[in-house]
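# Let's see this in three dimensions:
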Amino acid sequence: MITKLLEQLPNYPSPPHLLSAGDDGRPHAVAVAVRVDGQQLRLRAGKRSLANVAACKHVSVLWGAPTADDYSLIVDGEAAVDGQEGELRITVTRAVLHRPGAPRQATGSSCGSDCVPLI
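Down below sits the predicted model:
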C-alpha cells in the first residue's frame, strides 16, 4: 500500500515535522525522526504531541521540499500511542507530493496546485 511513499523517502534527507492538534484545535508542529515499520510509520513524540493524539488521532507528517523547485511530501494518517516509551504508530491514509502552482500534467488529483497522489 505504501510502496510509492517508500520510494520517495530517500529524496527527503531533512527531518520531517509531525503536525497534530489537540481538542482545542490548536496546531502543533515538531521535528521528528521517522522510521518505517511494515506499512506504518513510527516516531518518538513529546508530551504535547502525545496529548494531542489522545484527543485527535488524525496527524500529518510533512517533509519540506529539498529545493524551491521540488515537491514537499505530505503524509496523513491515524496515530496511536504504542507502549510507555512515547512512541507513535501512524497508519498512513494518504500521501501526496505537493508544490504550489498549476499542475504540469494531469494527475487525476482534485488538488488545485501541482500534486502527485502516492496513496
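# Any figure for the gap between the closest residue to A80 other than its chain neighbours and V116?
Spatial nearest neighbour of A80, excluding adjacent residues (CB to CB, 6 or more residues apart in numbering): R89 at 5.2 Å. For glycine as for every other residue, the C-beta is placed from the backbone atoms N, C-alpha and C. With distances taken as CB to CB, to the nearest Å, R89 is found 26 Å from V116.
# quick one, which of the two is more surrounded?
More neighbours surround V116 than the other of R89 and V116, with 20 against 17 (other CB atoms under 10 Å).
# can you pull the buried residues of stretch 34-41?
V34, Q40, L41 (16 or more other CB atoms under 10 Å).
# Kindly confirm my reading that R35 forms part of a strand.
Yes. Assessed by DSSP: H, G, I helix; E, B strand; the rest coil, R35 belongs to a strand.
# This structure: strands as residue ranges?
For the chain, the strands defined by DSSP state E occupy 17-21, 27-31, 34-37, 40-44, 58-63, 72-82, 87-99, 114-117.
# JSON lines please, covering those and showing mean pLDDT.
Shown next, in JSON lines, are those (pLDDT from 0 to 100):
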{"stretch": "strand 17-21", "mean pLDDT": "98"}
{"stretch": "strand 27-31", "mean pLDDT": "97"}
{"stretch": "strand 34-37", "mean pLDDT": "95"}
{"stretch": "strand 40-44", "mean pLDDT": "96"}
{"stretch": "strand 58-63", "mean pLDDT": "98"}
{"stretch": "strand 72-82", "mean pLDDT": "96"}
{"stretch": "strand 87-99", "mean pLDDT": "96"}
{"stretch": "strand 114-117", "mean pLDDT": "88"}
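# Which one of those lies nearest to K4?
Proximity to K4 (CB to CB) singles out strand 87-99 among those, at 7.4 Å.
# Distance of C56 relative to E87?
18 Å.
# scratch that, P66 is what I was asking about
Taken as CB to CB, the span from P66 to E87 is 27 Å.
# if we can go back for a sec, of the buried residues of stretch 34-41, closest to Y71?
Of the buried residues of stretch 34-41, the one sitting nearest to Y71 (CB to CB) turns out to be V34, at 17.4 Å.
# All good on my end, thank you.
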